[in-house]
Structures are given as C-alpha cells and as structure tokens.
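# A predicted structure for the sequence below; I have some questions about it.
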Amino acid sequence: MDIKIDRTFTDYQYPDSGTGYLPPQTFTAGWEHMDGARALIFARSRHAAARSSDFARSTRQQKVIQAFKDKTLNLNLITDSGKINSLLGTFADHFHTNIPGEIYHLYSLIKTKDISIFYR
C-alpha cells in the first residue's frame, strides 16, 4: 500500500520479535510503498524523537487504515464476493487485540472493590 509520510523520522528502538531491537527504522517524508510488515512498524513506532507522541502514532495508524481502505476500493471488491471473503479471512487471521484480556483484568479489579459509590 502507498502511504504519505508527513515528516522524516527514525525509530532507534523498535522491538524485534525476540528480546532485542531492529536496526534503526527510518521513514522519509513523501510517498512510500509499504508491505504489511513495514506498515506495521510505521504505525506502531514509539521511539522516534520528533514523532513519538500518542497523537502522532494515532495519526500514522489512521494513515495505514486509510491506505488499506483506498487499496481495497481500487480493487473493485464490492462486485467480487469471493475476493471480499478472502480478504476478510486474511484480515481476521492477522488482526489481534488485547481488549478482551484488558476487560477481564478491569472486571477482576472491580469485583474486589465496593462499587456502590457509582450508584449514588
């Protein structure tokens, strides 16, 4: 997918799949064609001096989602249900979240406390 990078930045501490770090990851201002792995690094980068805020990361995540949307719309998937099903299957296989675990953790914290203060 093609993503427009607004400002050049380098993340010197992007974690690898083990206990170390990847070599410095630089994103240069302008358009870049990215595969999924590169787009993930772009979206999740946390340690770039100039672009490490939560707001900047959120903006990059939106750019990746928009690029994905644009690419799928350009493939005319609306008229091809087979492609839609295949794409959704691939997306589901690679989409992971920790929200259910976080909800369970929040529940376990709340159930041990007196929550009657919320109902006054």
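Good, I have the coordinates. Numbers count the residues shown, from 1 in each chain.
# Of all the residues in the host helix or strand of residue 83, which ones are buried?
If you go by DSSP states H and E, residue 83 is part of helix 81-94. When neighbours are counted by 16 or more other CB atoms under 10 Å, no buried residue of helix 81-94 is found. Yep, even glycine has a C-beta here, placed from its N, CA and C like the rest.
# mind listing the strands for the chain?
2-5, 9-11, 25-27, 30-33 (DSSP state E).
# right, so of these, which gets closest to residue 76?
strand 2-5 (17.6 Å; CB to CB).
# Can you tell me what sits against that closest one?
27-34, 39, 42, 63-64, 67, 71 (CB atoms under 8 Å, 6 or more residues apart in numbering).
# still on that earlier bit, highest average neighbour count across the strands of the chain?
Most buried of these by mean neighbour count (mean count of other CB atoms under 10 Å) is strand 9-11; its value is a mean of 20.
# Many thanks, we can stop here.
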